[in-house]
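A.B. asks: predicted model, plus sequence, below.
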Amino acid sequence: MKTITFKVTNLECTSCAMSIDFDLEDLEGVVEASTNYAKQCTTVTFDPKVVDQKTIIARLKQLNYDVKII
């Protein structure tokens, strides 16, 4: 397993943070996603044999969030 934290901007509310978590956890290979609205970041634990960080970043961008690895 691998864990990466992303800076996610454009979060407008705690519901947006929960939506990110649910959406990322729907990706095959993502074990857990935890988004902190106050800190504007998402921590994702995933199996790199199944999904890579580029796919996770692409999903976040698809949801209209600006993302960078921190």
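C.D. replies: On my side now, so go ahead.

A.B. asks: residue 22 is in what secondary structure piece?
C.D. replies: helix 14-25 (DSSP states H and E).

A.B. asks: may I see the buried residues of that helix?
C.D. replies: If you call a residue buried by 16 or more other CB atoms under 10 Å, then helix 14-25 has these buried ones: 17, 20, 21, 23, 24. C-beta: built from backbone N, CA, C; applies to glycine.

A.B. asks: need the residues you listed in a markdown table (columns: distance to residue 8 and pLDDT).
C.D. replies: Listed next are the buried residues of helix 14-25 as a markdown table, based on distance: CB to CB, whole Å; pLDDT from 0 to 100:
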| residue | distance to residue 8 | pLDDT |
| --- | --- | --- |
| 17 | 8 | 91 |
| 20 | 7 | 95 |
| 21 | 11 | 96 |
| 23 | 12 | 96 |
| 24 | 10 | 97 |
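
A.B. asks: returning to that earlier point: who are the packing partners of the helix holding residue 22?
C.D. replies: Packing partners of helix 14-25 (3 or more CB pairs under 8 Å, 6 or more residues apart in numbering; DSSP states H and E): strand 30-36, strand 41-46, helix 53-62.

A.B. asks: quick one: that helix to chain centroid distance?
C.D. replies: Offset of helix 14-25 from its chain centre (CA atoms, centre = their mean, to the nearest Å): 8 Å.

A.B. asks: and for stretch 17-30?
C.D. replies: With CA atoms, centre = their mean as the basis, stretch 17-30 stands 7 Å off its chain's centre.

A.B. asks: same question, stretch 49-68
C.D. replies: Put simply, stretch 49-68 sits 7 Å off its chain's centre (CA atoms, centre = their mean).

A.B. asks: who's in contact with it?
C.D. replies: Stretch 49-68 has contacts (CB atoms under 8 Å, 6 or more residues apart in numbering) with 4, 6-11, 19-20, 23-24, 27-30, 42, 44, 46, 69.

A.B. asks: just the buried ones from the residues you listed?
C.D. replies: Buried among those (16+ other CB under 10 Å): 6, 8, 11, 20, 23, 24, 27, 30, 42, 44, 46.

A.B. asks: now these in TSV, with distance to residue 63?
C.D. replies: Shown next, in TSV, are the buried ones among the contacts of stretch 49-68 (distance: CB to CB, whole Å):
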residue	distance to residue 63
6	12
8	9
11	10
20	7
23	6
24	9
27	12
30	14
42	11
44	13
46	17
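
A.B. asks: right, I'll call it a day here.
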